[in-house]
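Chemist: my questions concern the predicted model and sequence given below.
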Amino acid sequence: DVKVTQSSRYLVKRTGEKVFLECVQDMDHENMFWYRQDPGLGLRLIYFSYDVKMKEKGDIPEGYSVSREKKERFSLILESASTNQTSMYLCASSLEWKAFFGQGTRLTVV
Amino acid sequence: KQEVTQIPAALSVPEGENLVLNCSFTDSAIYNLQWFRQDPGKGLTSLLLIQSSQREQTSGRLNASLDKSSGRSTLYIAASQPGDSATYLCAVPSGGYNKLIFGAGTRLAVHP
């Protein structure tokens, strides 16, 4: 069965910390994505990757970076966490138009 | 720019009712449309994917239709159950690589 795993369900970090959110998929998919979900704003694309070491900015990349050293792993990095990055973060991978999501990481920045 | 709208934003129905959730999109040049379910605090689960060449897809009590020319899709849920309570989102790809544009979702509550 298809599986996308995010390393943490809940995370609390301090302002200014460097934060790593990890995502692993076991389906050999080329495309992987990071979205954030906020009440009233819905899901918004932060970054995506279409191959190892290949990445492109989504709609809201400011304050974030990503890393994809291996095909199965896509990491989202908050360079210096701020309170406005408190959100639900969702990782996804896709193949032939179908998208598969992880369980989400609820990040709180205090 | 593609925009996706879902109506209604929330719906509360008694168990057993048949119901329809609506999704509309502004750019009809889509390859497909996908319906997802999201339980509170959890990730998204894909329910149905309709290709642009198809008119509808069915899975159990769920039936999704797609009318590209009018920019609309509907998700029909037959004989609703309390376990169907969740938020339902529709999404269309935009800009290549299956980047998805999501609607804001319909929050469904089915009460016994």
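Modeler: That came through fine.
Chemist: what residues are up against residue B:52?
Modeler: Neighbour list for residue B:52: B:30, B:31, B:32, B:66, B:68 [criterion: C-beta atoms under 8 Å, 6 or more residues apart in numbering or on different chains]. The way it works is simple: take the backbone N, C-alpha and C, and place the C-beta from them, glycine included.
Chemist: and residue A:8, what does it touch?
Modeler: A:21, A:22, A:105.
Chemist: SS state for it?
Modeler: coil (DSSP: H, G, I helix; E, B strand; the rest coil).
Chemist: could you do residue B:83 as well?
Modeler: helix.
Chemist: and it, how far is that from residue B:109?
Modeler: Noted for residue B:83: a distance of 12 Å to residue B:109, by C-beta to C-beta, to the nearest Å.
Chemist: can you check residue A:15 too?
Modeler: 36 Å.
Chemist: I'd say residue A:88 and residue A:104 touch.
Modeler: Yes: taking contacts as C-beta atoms under 8 Å, residue A:88 lies within contact range of residue A:104: 5.3 Å.
Chemist: between those two, which contacts overlap?
Modeler: A:37, B:41.
Chemist: those two: which has the busier surroundings?
Modeler: Set side by side, residue A:88 and residue A:104 show more neighbours around residue A:104, with 21 against 18, by other C-beta atoms under 10 Å in any protein chain shown.
Chemist: skipping adjacent residues, who's closest to the more buried one in space?
Modeler: residue B:43 (4.6 Å; C-beta to C-beta, 6 or more residues apart in numbering or on different chains).
Chemist: ok, that neighbour - contacts?
Modeler: Residue B:43 neighbours (C-beta under 8 Å, 6+ apart): A:4, A:6, A:90, A:101, A:102, A:103, A:104.
Chemist: take the residues you listed and write them to CSV, including pLDDT.
Modeler: Formatted as CSV, these follow (pLDDT from 0 to 100):
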residue, pLDDT
A:4, 95
A:6, 96
A:90, 97
A:101, 95
A:102, 96
A:103, 95
A:104, 96
